[in-house]
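>>> what's the 3D shape of this:
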Amino acid sequence: MNHADNTSPFIRYTREEWAKLRANTPLTLTACDVDSLRSKDEPVNLREVEEVYLPLSRLLSMFATARARFRDDLSQFTGRVAQDDKVPWVIAIAGSVSVGKSTTARLLQALLSRWPTTPHVELVTTDGFLRSNAELEFLGLEARKGFPESYDQVGLLRFLQSMKSAHPVASVPVYDHKIYDIVPGAERIIPRCDILILEGLNVLQPAPLRNNGGLAVSDYIDFSIYVDANEHDLERWFIARFERHLEAAKHDQDSFFRQWVDLPEEEALWLAKTVWKDINLLNLKENIEPTRHRASCVLTKGPNHNIDFIHVRRF
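I've put the predicted structure just below:
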């Protein structure tokens, strides 16, 4: 464990040091489970689940237990016990495009759902709150998709307020990754749950100064995880994913990537690099990376997509 930098708000663990913190946390996923939960571009396997995600699950369990204890103490203090007041514990997962946030979110959802208390765990991505492509075009924001201004922030805040207000159900719009757009009129119903995992690029951002001290998404988060990687690795992973989507689009008339399937290989590579540099890297530098220090935990990946270091905030 690295204690060298006492000025850092984080304690750094190597993967080997972190793996020992699993203690007796049971492994509740199989290799087949992991294969079904990971994205195609990521080599995460059962060993990484054992060495990284199980200790993280144990840490989250400790926080959840402490939260439940505080809730009981508060009920005793107020003399008011009402199950209808139960609100979800919100875990946020942030990081760049192509870093592997979705796989992290799905693995944690599966692990947390299998705790002995079998909590109800819901997973919501902020993609559903992106403005439609038509609206982005109308606002001149086509090249800013994924930037904070491309989201329906009011709708996202309203959803979180509903969940934290113990409403029986809330709803989120549906985003289709095949067409890269919001599905008109479609909604997904999110029932009251014990744990809500919120995954998205900008979920750790504070409220802007011009908001006059108003609320931000991060104000509703109880524990946050930032998935980090070197920008050169992120670019390489993004290009590999772009090429995979192009290949799949050759057999799918509805794919958003269908429009580029006939590009020569060199032009397709240039397009992928341009999208990365002018949109995703810019968003990373301006909006996403500056929020890393606000996370409760940072998972740092190496060139092979495996998590090499874990940083936990000094609480």
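
>>> Please make it C-alpha for all contacts and neighbour counts, starting now.
Fine.

>>> mind listing the helices for this protein?
15-19, 31-37, 46-48, 54-78, 101-113, 133-138, 153-164, 231-249, 265-275, 281-283 (DSSP state H).

>>> would you list those helices in JSON lines and tack on mean pLDDT, mean neighbour count and distance to His293?
Compiled in JSON lines, the helices of the chain are given as follows (pLDDT from 0 to 100; neighbours: other C-alpha atoms under 10 Å; distance: least, C-alpha to C-alpha, whole Å):
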{"stretch": "helix 15-19", "mean pLDDT": "97", "mean neighbour count": "18", "distance to His293": "20"}
{"stretch": "helix 31-37", "mean pLDDT": "94", "mean neighbour count": "15", "distance to His293": "28"}
{"stretch": "helix 46-48", "mean pLDDT": "95", "mean neighbour count": "15", "distance to His293": "24"}
{"stretch": "helix 54-78", "mean pLDDT": "89", "mean neighbour count": "15", "distance to His293": "18"}
{"stretch": "helix 101-113", "mean pLDDT": "96", "mean neighbour count": "21", "distance to His293": "17"}
{"stretch": "helix 133-138", "mean pLDDT": "96", "mean neighbour count": "14", "distance to His293": "30"}
{"stretch": "helix 153-164", "mean pLDDT": "94", "mean neighbour count": "17", "distance to His293": "22"}
{"stretch": "helix 231-249", "mean pLDDT": "96", "mean neighbour count": "18", "distance to His293": "17"}
{"stretch": "helix 265-275", "mean pLDDT": "96", "mean neighbour count": "15", "distance to His293": "26"}
{"stretch": "helix 281-283", "mean pLDDT": "97", "mean neighbour count": "20", "distance to His293": "17"}
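
>>> For Lys178, which of those is the nearest?
Each of the helices of the chain was scored for nearness to Lys178 using C-alpha to C-alpha, and the closest is helix 231-249 (9.1 Å).

>>> so the closest one versus helix 265-275, what angle?
130 degrees (axes from the mean of the first three to the mean of the last three C-alpha atoms, to 10 degrees).

>>> From the contact counts, what lies against helix 231-249?
Contact here means 3 or more C-alpha pairs under 8 Å, 6 or more residues apart in numbering; DSSP states H and E; on that basis helix 231-249 packs against helix 265-275.

>>> Name the residues of the lengthiest strand in the chain that are buried.
Of all the segments of type strand in the chain, defined by DSSP state E, the longest one is strand 181-191. Neighbour counts over strand 181-191 (16 or more other C-alpha atoms under 10 Å) mark Asp181, Ile182, Ile190 as buried.

>>> what lines up beside it in the sheet?
Strand pairing for strand 181-191, using DSSP bridges, gives strand 169-176 (antiparallel).

>>> between the strand it pairs with and helix 153-164, how big is the angle?
Going by the same axes, to 10 degrees, strand 169-176 makes 140 degrees with helix 153-164.

>>> my guess is Ile239 meets Leu269, correct?
Yes: taking contact to mean C-alpha atoms under 8 Å, the distance of 7.4 Å between Ile239 and Leu269 places them in contact.

>>> Wait, Gly128 touches Ile182, no?
Yes: counting by C-alpha under 8 Å, Ile182 is a contact partner of Gly128 at 6.7 Å.

>>> what's the overlap in contacts for those two?
When C-alpha atoms under 8 Å, 6 or more residues apart in numbering defines a contact, the residues bordering Gly128 and Ile182 alike are Pro173, Val174, Tyr175.

>>> I'd like these laid out as JSON lines, including neighbour count.
As requested, those are exported to JSON lines (neighbours: other C-alpha atoms under 10 Å):
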{"residue": "Pro173", "neighbour count": "19"}
{"residue": "Val174", "neighbour count": "20"}
{"residue": "Tyr175", "neighbour count": "23"}
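
>>> Rebuild these as CSV, extending it with distance to Leu196 and pLDDT.
Rendered in CSV, the data for the shared contacts of Gly128 and Ile182 read as follows (distance: C-alpha to C-alpha, whole Å; pLDDT from 0 to 100):
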residue, distance to Leu196, pLDDT
Pro173, 16, 97
Val174, 17, 97
Tyr175, 18, 97
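
>>> And the contacts of stretch 104-112?
Counting contacts by C-alpha under 8 Å, 6+ apart, the residues outside stretch 104-112 that touch it are 28-29, 34, 37-38, 53-54, 57, 93, 118-119, 121-123, 197, 199.

>>> So which of those are in strands?
Those of the contacts of stretch 104-112 mapping onto strands are Ile93, Val121, Glu122, Leu123, Ile197, Glu199, per DSSP E.

>>> Name the member of those residues with the most neighbours.
Ile93 (27 neighbours; other C-alpha atoms under 10 Å).

>>> Write down the beta-bridge partners of that residue, one by one.
Using DSSP bridges, the beta-bridge partners of Ile93 come out as Glu199, Ile225.

>>> quick one: contacts for it?
Taking C-alpha under 8 Å, 6+ apart, we find Ile93 in contact with Lys101, Thr104, Ala105, Ile197, Leu198, Glu199, Gly200, Val203, Ser224, Ile225, Tyr226, Val227.

>>> Okay then, goodbye and thanks.
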